[in-house]
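Chemist: No letters, just coordinates:
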């Protein structure tokens, strides 16, 4: 016979700054890769010389920021409602699994 343990679990339900950090981060990195390639910075970014790499990173960040501030719109296939619903479902399953384990 298994003995069940009853304990209180406190979940951190703080509001995330960005509901889609994984996807936004991915799109931002892809944009940076495209800009680096089109500006010829990709080789400098892979340099073993730290100074060259840091200068290339700073230049890339400046160019990407300028591009984003120019009002460019990036269209993706992300359905925000679908992503939000998946996150809610995942959280519900996580809580359910924890309850069963206890």
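Modeler: Received, thanks. The shown structure was predicted, so the numbers you read here are calculated from the model rather than taken from an experiment.

Chemist: separation between residue 71 and residue 45?
Modeler: 26 Å (Cβ to Cβ, to the nearest Å). C-betas here are computed from N, CA, C, even on glycine.

Chemist: quick one: which of the two has more around it?
Modeler: Counted by other Cβ atoms under 10 Å, residue 71 and residue 45 do not tie: residue 45 has more neighbours, with 18 against 6.

Chemist: If I follow the layout properly, the more buried one ends up in contact with residue 59?
Modeler: No. If you go by Cβ atoms under 8 Å, residue 45 and residue 59 don't touch, sitting 9.5 Å apart.

Chemist: need the strands for the chain, in chain order.
Modeler: Counting by DSSP state E, one finds no strands in the chain.

Chemist: Confidence-wise, which helix or strand of it is lowest on average?
Modeler: helix 80-101 (a mean of 63; mean pLDDT, DSSP states H and E).

Chemist: residues near residue 2, how many?
Modeler: Around residue 2 there are 4 residues (other Cβ under 10 Å).
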